[in-house]
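J.: Give me the fold of what follows.
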Amino acid sequence: MSAVSGFGKALVIITGASKGFGRALALSVAPRLAAGSVLVLAARSDDRLQELKRDLCRGESGLTVRCVAADLGCKAGVEKVLTETRDTDPDIDQLLLFNNAASLGDVSRYCRDFTDVDEVNSYLSLNVSSALCLTAGVLRSVPRRAGLTRVIVNISSLCALRPFPSWVLYCSGKAARDMMFRVLAEEEPDLRVLNYAPGPLDTDMQLQARSSSADDSLRNTFSVMHAHGQLLTCDQSISKLMTVLLDDKYPSGAHLDYYDL
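T.: Next up, the predicted model:
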């Protein structure tokens, strides 16, 4: 598949779509979809989703946009998204699921300070459990068949590979998700599975990182990067991701970083 042809007629699901990387991703993917495609956007904020839908639906693109305001940290939220993926047009060429929804967690404390099991479970529910259950549900809704390409993208991080002091929740969640999708790639050789680390993005999450991180060195590093204009825009990172997906030459299950491409 070439970058010129785009993704064809597709069902595309993007979690965490209301702002930041997820919003930019939706705006980048939409023009690459053929008429008859369906784009499912999931996030907690319905107002922001509706605003994004208006931006996507200008002109006659033949694209159907479905907004799902849902908390993916609970079973009902995952089911709400899955409802919008059922009864898919049997003529689609491609399924693309972008597991983007994530939170940084409390980075103002160290490992020794996390004694509340419910707090940790709540974090893992949104950042790990929901990604697994949503992916499994989508694969059941859109089963394998001849002529259909199914692509699962996990928005990963350098934190999946490297420990960052005071980021125990985020690093643990990202590491777990990477391994989850590596296992999926081994189990389902017909799937195309990618763990993509988008690099340090100039987003609200980055602002939280340089404002709240307990580790002085980490906080200062991000502050310097921001001050010197070294953070990436979402569009910069997504441009590389689109090239990787459209070229379709990556090993399934691979972890690819923006700076490796």
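
J.: Every contact and neighbour count from this point should use C-alpha atoms.
T.: OK.

J.: can you pull the buried residues of stretch 79-93?
T.: 79-82, 84-85, 92-93 (16 or more other CA atoms under 10 Å).

J.: before we move on, what about stretch 107-120?
T.: 107, 109-110.

J.: so what's residue 229 scoring on pLDDT?
T.: Per-residue confidence (pLDDT) for residue 229: 97.

J.: Tell me if it really is in a strand.
T.: No - counting by DSSP: H, G, I helix; E, B strand; the rest coil, residue 229 falls outside a strand, being coil.

J.: what about it, neighbour count?
T.: If you count neighbours by other CA atoms under 10 Å, residue 229 ends up with 9.

J.: Got the phi and psi for it?
T.: Per-residue torsions, residue 229: phi 70, psi 30 (degrees, to the nearest 10).

J.: distance of it from residue 52?
T.: Separation of residue 229 from residue 52 (CA to CA, to the nearest Å): 27 Å.

J.: for residue 167, same thing?
T.: Distance of residue 167 to residue 52, given as CA to CA: 31 Å.

J.: Pick out whichever of the two has more residues nearby.
T.: residue 167 (24 against 21).

J.: Can you classify the nearest residue to the more buried one once chain neighbours are set aside by secondary structure?
T.: Distance criterion CA to CA, 6 or more residues apart in numbering; nearest residue to residue 167, sequence neighbours excluded, is residue 107 at 5.2 Å. Three-state assignment for residue 107 (three-state DSSP): coil.

J.: Residue 107 and residue 206: what is the separation?
T.: Distance of residue 107 to residue 206, given as CA to CA: 12 Å.

J.: What are the boundaries of the helices in the stretch 51-200 of the chain?
T.: Taking DSSP state H, counting those that start in this stretch as the criterion, the stretch 51-200 of the chain carries its helices at 75-83, 117-124, 130-141, 168-187.

J.: would a markdown table of those with mean pLDDT and distance to residue 69 be doable?
T.: Shown next, in a markdown table, are the helices of the stretch 51-200 of the chain (pLDDT from 0 to 100; distance: least, CA to CA, whole Å):
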| stretch | mean pLDDT | distance to residue 69 |
| --- | --- | --- |
| helix 75-83 | 97 | 8 |
| helix 117-124 | 98 | 19 |
| helix 130-141 | 98 | 15 |
| helix 168-187 | 98 | 23 |
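
J.: need these in JSON lines with distance to residue 244, can you?
T.: What follows is these, written out as JSON lines (distance: least, CA to CA, whole Å):
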{"stretch": "helix 75-83", "distance to residue 244": "26"}
{"stretch": "helix 117-124", "distance to residue 244": "29"}
{"stretch": "helix 130-141", "distance to residue 244": "21"}
{"stretch": "helix 168-187", "distance to residue 244": "17"}
